[in-house]
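Visitor: coordinates for the following, if possible.
(2 chains)
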Amino acid sequence: EPIIPVKDPTSDMAIISRKGSQLVRKHREQKERKKVGAPGGTGCLVICDGKLRILQIGIQKTTIRRPEQKFAEHMKEKNEARSEFAKKKSLLEQRQYLPIFAVRQQLLNIIRDNNIVIVVGETGSGKTTQLTQYLHEDGYTSYGMVGCTQPRRVAAMSVAKRVSEEIGSNLGDEVGYAIRFEDCTSEKTLIKYMTDGILLRESLRESDLDHYSAVIMDEAHERSLNTDVLFGLLREVVSRRTDLKLIVTSATMDSDKFAAFFGNVPIFHIPGRTFPVDILFSKTPQEDYVEAAVKQALQIHLSGLMGDILIFMPGQEDIEIVERLEELENAPALAVLPIYSQLPSDLQAKIFQKAPDGVRKCIVATNIAETSLTVDGIMFVVDSGYCKLKVFNPRIGMDALQVFPISQANANQRSGRAGRTGPGQCYRLYTQSAYKNEMLTTTIPEIQRTNLANVVLLLKSLGVQDLLLFHFMDPPPEDNMLNSMYQLWILGALDNTGALTPTGRLMVEFPLDPALSKMLIVSCDMCCSADILIIVSMLSVPAIFYRPKGREEESDQVREKFSVPESDHLTYLNVYMQWKNNNYSSIWCNDHFIHTKAMRKVREVRSQLKDIMVQQKMNLVSCGSDWDIIRKCICAAYFHQAAKLKGIGEYVNVRTGMPCHLHPTSSLFGMGYTPDYIIYHELVMTTKEYMQCVTAVDGEWLAELGPMFYSVKQAGKSRQVSQADAARPHRVCAWRSAAWRRRCPWQSSSCEPVEKNRRRRATWAASGSSVTISTSFTT
DNA sequence: TATGGTGCA
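Guide: Model (predicted):
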């Protein structure tokens, strides 16, 4: 259905909005249509600040076909556009112009008098580049390095480069950086920028961080998983090492909380330098944020005011609808540019290119533009008020990727994007009252909404005895912690007393999720480690396959050529082997709708993991074409995530009984081949409960490899696997170990009857009988 | 029967 061009856009705003509505009405109709039959209850319960909040968002779904799209052929030009200011002034003059320079001595005094200081540094204050240098100038580098953590790699690299220029040394000498795959430091290094994940790994080797005299945790308010773990660890390190200085930077709104956590430490405030941004709230709540955003962007566009527009949307799908703005041909030229992480980098680069004269840029972004990417020249921000978040449900072991209202902190960050190069305006598509009363002040930190298996393993290896007593700034839900411990126990990383086993100790060495580490370890005994190594590497990077708008069928057909009918894992192996046979060619990738960037990373990950395997004296052997061995090996690490065929194309989770669906990207999807049992890599709730990356397994493997869950029973002539134990962590562990029970606070009366049953079952199981006890699942 | 917010090791 073509969109009718607006006849006279400048004279009649009513027409514009009508056209806008037309576009969106269609979108909404389709959305409604799709909603029918979709599972209800996409809402989510969230506990924040002791309050229980129910968040329920409708499902966004549309299918709009686009004409064939041409791929961009040019990459982002790397002309180092220096500002007029930078050209005229010397580096020293630039440094002295920064707001932080005015408070330099005060800041150094307060650091000298306190081991921990919270620094509230607004954008443009210069804290990231100057703090390290001030500490260096004040003598802190005479007895150790000054370390500075960043949540992102690009930031660590680019800031280190800038500071090395300011100091007048080569990058890697006095000033260096370390990120995964790249250590650009030397024995001379005094100032080290790094990602927070690197510092966390370093603390494994050297728990007191003796190489450092000072550590700055920059952008700590972003509260990444690693930041939160480091908070707890560094707090202890500082109490042991009185010579270590810790500086934590934070946003204004949570500085008090940070200060309290570290023991009522002082807060130092550095003003920033940004341009004012007018905030405009919607007078009434918007029914449809896509429609509202389109209308608002058009209104700005036709207002005659200059400057580029940035629209924040929750996800790719909404972005693709908003992109149709461009089709309003009679309106003044508007270049609508999408940006999200999965977009190929050549298309991403477009947002940084200067638009032709007289053409206004309108960037439609996910929250990638909130912190990760900065585009200059944005004058207007249109904020939908929503973002997607991944929340983990420990009970069913499922991630849900859902649309949530943003927090006040997000909203402020978004509006700030309009004031980087001049005064700007921010249009919020929600009411002021919604902002004040309904939005959380800050987003729920990641540690409270993710699978913690990795964190638990790390803390265990650091010798943290009782994880429930570990000092987190915002402790994760107890259920979540215990579930992760249970998962580690299943994988053999923890013993019955909750202590790390030799397998667990080996697992810590790998920068992988525990189940993937386990798979790698098991593969050495099963003589398929070279093959599993590739599969594990492929699973460690985001999306391999690219499915561009307008070429869906074409790309699906190409993908099918790689498909191994019984396994997505093997399909991945196949893709890698073919890429290798084609000399790791990027042209080959483009021809086969495969993300080159992702494949390069797979190769890097593979080589890093291989190094660790060599270092750990693990043998690297391939099983050749005996793919059954590979499937069994995968089963050995993922038997706890199994599903059983129920009807045509219908699966139910073996342990929970929950219906699960094959993801449409699976090679088992719609192929007519429906094995009785499959294991899955990941369970994600988007529009449905989807199993992503699945492999067919023999039912008997499940019983053999996962005896705590399954056993084989005789049913007529056919042998069937059924659920032997749907126990929750404490229940299994409780009867196994009194020591474990003591550390499980939920070992309370409510669990008692179940525990008794459990003991009886355990006896039966131990007697060698093949009788299966079917346990009904309750949530 | 129909599809992935953003980072990090």
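Visitor: how close does A:E650 sit to A:M485?
Guide: 32 Å (Cβ to Cβ, to the nearest Å). All C-beta spots, glycine's among them, are computed from the backbone N, C-alpha and C.
Visitor: neighbour count: the two, which is higher?
Guide: Neighbours were counted for A:E650 and for A:M485 using other Cβ atoms under 10 Å; A:M485 has more, 26 against 14.
Visitor: in contact with that one, which residues?
Guide: A:V456, A:L467, A:L494, A:G498, A:P729 (Cβ atoms under 8 Å, 6 or more residues apart in numbering).
Visitor: the fourth one: neighbour count?
Guide: Read it as A:G498. The tally of other residues near A:G498 (other Cβ under 10 Å) stands at 21.
Visitor: gap between it and A:L488?
Guide: From A:G498 to A:L488 the distance is 9 Å (Cβ to Cβ).
Visitor: cool, and the second one?
Guide: As judged by Cβ to Cβ, A:L467 and A:L488 stand 11 Å apart.
Visitor: between those two, what contacts are shared?
Guide: A:V456, A:K460.
Visitor: for the stretch 451-600 of chain A, what spans make up the helices?
Guide: Shown for the stretch 451-600 of chain A, the helices assigned by DSSP state H, counting those that start in this stretch span residues A:453-461, A:478-490, A:502-508, A:514-525, A:529-539, A:552-560, A:568-581, A:586-591, A:596-615.
Visitor: A:S407 is nearest to which of those?
Guide: helix A:478-490 (20.6 Å; Cβ to Cβ).
Visitor: how big is the angle separating the closest one from helix A:514-525?
Guide: Between helix A:478-490 and helix A:514-525, the angle comes out at 0 degrees (axes from the mean of the first three to the mean of the last three Cα atoms, to 10 degrees).
Visitor: what residues sit buried inside helix A:478-490?
Guide: A:N480, A:M481, A:L482, A:N483, A:S484, A:M485, A:Y486, A:Q487, A:L488, A:W489, A:I490 (16 or more other Cβ atoms under 10 Å).
Visitor: near DNA strand B, which residues of the stretch 401-550 of chain A are found?
Guide: Selection of the stretch 401-550 of chain A residues close to DNA strand B by Cβ under 7 Å from any atom of the strand yields A:L401, A:E446, A:N454, A:P511, A:L512, A:D513, A:S540, A:P542, A:A543, A:F545, A:R547.
Visitor: export the residues you listed to a markdown table and tack on neighbour count?
Guide: Listed next are these as a markdown table, based on neighbours: other Cβ atoms under 10 Å:
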| residue | neighbour count |
| --- | --- |
| A:L401 | 14 |
| A:E446 | 19 |
| A:N454 | 20 |
| A:P511 | 16 |
| A:L512 | 20 |
| A:D513 | 21 |
| A:S540 | 19 |
| A:P542 | 10 |
| A:A543 | 12 |
| A:F545 | 18 |
| A:R547 | 15 |
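Visitor: quickly check those for the two that are furthest apart.
Guide: Among these, A:N454 and A:R547 lie farthest apart (Cβ to Cβ), at 29.3 Å.
Visitor: okay if I get the helices of the stretch 451-600 of chain A as TSV plus mean pLDDT?
Guide: TSV is the format used below for the helices of the stretch 451-600 of chain A (pLDDT from 0 to 100):
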stretch	mean pLDDT
helix A:453-461	92
helix A:478-490	90
helix A:502-508	94
helix A:514-525	95
helix A:529-539	95
helix A:552-560	88
helix A:568-581	94
helix A:586-591	91
helix A:596-615	92
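Visitor: ok, A:T123 to A:W701 distance?
Guide: 54 Å.
Visitor: neighbour count winner among the two?
Guide: A:W701 (22 against 15).
Visitor: tell me which element the more buried one falls in.
Guide: helix A:699-705 (DSSP states H and E).
Visitor: elements contacting that helix?
Guide: helix A:627-638, strand A:710-715, strand A:718-723 (3 or more Cβ pairs under 8 Å, 6 or more residues apart in numbering; DSSP states H and E).
Visitor: got the buried residues for it?
Guide: A:G699, A:W701, A:L702, A:A703, A:E704, A:L705.
Visitor: how about stretch A:180-190?
Guide: A:R180, A:C184, A:T185, A:T189, A:L190.
Visitor: what do you get for stretch A:271-283?
Guide: Those would be A:G272, A:T274, A:V277, A:I279, A:F281, A:S282, for stretch A:271-283 by 16+ other Cβ under 10 Å.
Visitor: pull the most distant pair out of those residues.
Guide: Going by Cβ to Cβ, the pair spanning the buried residues of stretch A:271-283 furthest: A:G272 and A:S282, at 27.4 Å.
Visitor: contacting residues for A:D531?
Guide: Here A:D531 is in contact with A:S523, A:L573, A:S622, A:C623, A:I630 (Cβ under 8 Å, 6+ apart).
Visitor: turn those residues into TSV, including neighbour count.
Guide: Listed next are the contacts of A:D531 as TSV, based on neighbours: other Cβ under 10 Å:
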residue	neighbour count
A:S523	29
A:L573	21
A:S622	15
A:C623	18
A:I630	24
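Visitor: please enumerate the helices of the stretch 51-200 of chain A.
Guide: Under DSSP H, counting those that start in this stretch, the stretch 51-200 of chain A gives helices at A:84-88, A:91-97, A:104-113, A:127-137, A:153-167, A:196-205.
Visitor: mean neighbour count, those helices: which tops it?
Guide: helix A:127-137 (a mean of 22; mean count of other Cβ atoms under 10 Å).
Visitor: what's the angle from it to helix A:153-167?
Guide: 50 degrees.
Visitor: please save the CA atoms from helix A:127-137 in CSV.
Guide: Provided in CSV are the C-alpha atoms of helix A:127-137 (Å, rounded to 0.1, in the frame of the first residue of the first chain):
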residue,chain,number,x,y,z
LYS,A,127,37.4,13.8,34.0
THR,A,128,38.1,10.8,31.8
THR,A,129,41.3,12.2,30.3
GLN,A,130,42.5,14.4,33.2
LEU,A,131,42.0,12.4,36.4
THR,A,132,44.6,9.9,35.5
GLN,A,133,47.1,12.6,34.5
TYR,A,134,46.5,14.5,37.7
LEU,A,135,47.2,11.4,39.8
HIS,A,136,50.4,10.8,37.7
GLU,A,137,51.5,14.4,38.2
